[in-house]
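1. Got a sequence here, can you build the structure:
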Amino acid sequence: MMNDLKTTVIQSDLYWEQPDANLAMFEEKIWKIDQPTDVIVLPEMFSTGFTMNVKNMAEPMHSRTYRWMAQMARQTKAVVMGSYIVQDGAAYYNRFMAVRPDGSYEKYDKRHLFGLAGEDKDLSPGTGRSIIEVKGWKILPLICYDLRFPVWSRSVRMDQQLYEYEVVMYVASWPKPRIHSWDTLLKARAVENIAYSIGVNRIGQDANGYEYVGHSAVYDFLGQPLTELHEEAGMATTTLSWDMLQTFRDRFPFQADADRFSLD
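-> Predicted coordinates for the structure are as follows:
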């Protein structure tokens, strides 16, 4: 029998281009988590805010933010997740990192860069998806603008299995004027993939004048909210039920009728 999965989402304002301040702030929040958890999720570019000052804000792999994530993971015995700007060789990425208590990690580089904000100017797009396994659960990590592209989020039917993952997870800096789309698409990703959908967004205003109102949430496979953080700073730990998900999938095997396709 598979264990349930406990996920903690943290919704916060960010200090603009101040990694040390952001890491200190999130460390304080993490230490206020009042129960054991398996996964801790932070917003997109949680150490800097959604800045296009890429070359000045980027870090090499295994540098400050990675080491901090590893420390938090080791101390909490949870997998710590979130994205920040990474320089990898000559390229720069908006990289989702999932760091385990033993310091090992999985990564995903944002595929769909937000051209309207110039994200594609200095950052390189990712070339593939990643699956993160925690306690036997498979999690698909994605970043912000990826949410608008359902094919990239689709649970691909395999020959030996109907479902590629149990949880689809988005970290984001999603602005207030389009927050209804965020709410709607998070629910849609849950329903169409028969999976839990988690979205972690920031709040506050950045140095470019963009306002963010959070709406971080956890939805079940029916698109029903299990956790909603609305527009205030806060955090919440949610238990995802393996048995409830599998019971529904067994009773309603919609994925058996899904179109077969591959992702390039």
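2. Only C-alpha atoms from now on, for both contacts and neighbour counts.
-> OK.
3. and residue 3, what does it touch?
-> When contacts are counted by C-alpha atoms under 8 Å, 6 or more residues apart in numbering, residue 3 is found next to 135, 241, 242.
4. Format those residues as a markdown table; extra columns: secondary structure and neighbour count.
-> Below are those laid out as a markdown table (DSSP: H, G, I helix; E, B strand; the rest coil; neighbours: other C-alpha atoms under 10 Å):
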| residue | secondary structure | neighbour count |
| --- | --- | --- |
| 135 | coil | 10 |
| 241 | coil | 15 |
| 242 | helix | 15 |
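5. List just the nearest of the residues you listed to residue 163.
-> Distance to residue 163, by C-alpha to C-alpha, is smallest for residue 242 among the contacts of residue 3, at 13.5 Å.
6. Would you map the strands across the stretch 101-250 of the chain?
-> 105-109, 132-134, 137-143, 167-172, 196-201, 203-205, 211-213, 217-219, 225-228, 234-240 (DSSP state E, counting those that start in this stretch).
7. Select, out of those, the one closest to residue 24.
-> Nearest to residue 24, of those and by C-alpha to C-alpha, is strand 234-240 at 16.0 Å.
8. So what's the model's average confidence on stretch 84-92?
-> Here stretch 84-92 scores 97 as its mean pLDDT.
9. Renumber starting at 836 from here on
-> Shifting the count to begin at 836 puts that one at stretch 919-927.
10. Relative to the whole chain's centre, how far out is it?
-> Here stretch 919-927 is found 19 Å from its chain centre; the criterion is C-alpha atoms, centre = their mean, to the nearest Å.
11. Okay, buried residues for the longest helix belonging to the chain please.
-> When the chain is parsed with DSSP state H, its longest helix is helix 1014-1028. Within helix 1014-1028, the residues that count as buried by 16 or more other C-alpha atoms under 10 Å are 1017, 1020, 1021, 1022, 1023, 1024, 1025, 1026, 1027, 1028.
12. Specify which member of those residues is nearest to residue 1036.
-> residue 1017 (9.5 Å).
13. Contacts only, for that closest one.
-> Counting by C-alpha under 8 Å, 6+ apart, residue 1017 touches 982, 1009.
14. any idea of the pLDDT on it?
-> 98.
15. Show me the shaky parts of this protein.
-> Applying pLDDT under 70 to the chain picks out residues 836, 1099.
16. one more time with 50, if that's ok
-> Applying pLDDT under 50 to the chain flags no residue at all.
17. which residue of it sits farthest from its center?
-> Computed with C-alpha atoms, centre = their mean, the residue of the chain farthest from its C-alpha average is residue 1086, at 28.6 Å.
18. Switch the contacts of residue 838 over to TSV; also include distance to residue 989.
-> Shown next, in TSV, are the contacts of residue 838 (distance: C-alpha to C-alpha, whole Å):
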residue	distance to residue 989
970	22
1076	21
1077	20
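19. Just name the closest of those residues to residue 957, please.
-> residue 970 (36.2 Å).
20. Test my guess that residue 1022 contacts residue 1059.
-> Yes: in this structure, residue 1022 is within contact of residue 1059 by C-alpha atoms under 8 Å, at 7.4 Å.
21. Kindly export the longest helix of the chain (C-alpha atoms) in PDB.
-> The C-alpha trace of helix 1014-1028 is given here as PDB (Å, rounded to 0.1, in the frame of the first residue of the first chain):
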ATOM      1  CA  ILE A1014      -5.200  35.500 -12.100                       C
ATOM      2  CA  HIS A1015      -8.600  34.100 -13.300                       C
ATOM      3  CA  SER A1016      -6.700  32.200 -16.000                       C
ATOM      4  CA  TRP A1017      -4.300  30.800 -13.300                       C
ATOM      5  CA  ASP A1018      -7.300  29.600 -11.200                       C
ATOM      6  CA  THR A1019      -9.000  28.100 -14.300                       C
ATOM      7  CA  LEU A1020      -6.000  26.300 -15.800                       C
ATOM      8  CA  LEU A1021      -4.800  24.800 -12.600                       C
ATOM      9  CA  LYS A1022      -8.200  23.100 -12.200                       C
ATOM     10  CA  ALA A1023      -8.200  22.000 -15.800                       C
ATOM     11  CA  ARG A1024      -4.800  20.400 -15.500                       C
ATOM     12  CA  ALA A1025      -6.100  18.400 -12.600                       C
ATOM     13  CA  VAL A1026      -9.200  17.200 -14.400                       C
ATOM     14  CA  GLU A1027      -7.700  16.400 -17.800                       C
ATOM     15  CA  ASN A1028      -4.800  14.400 -16.300                       C
END
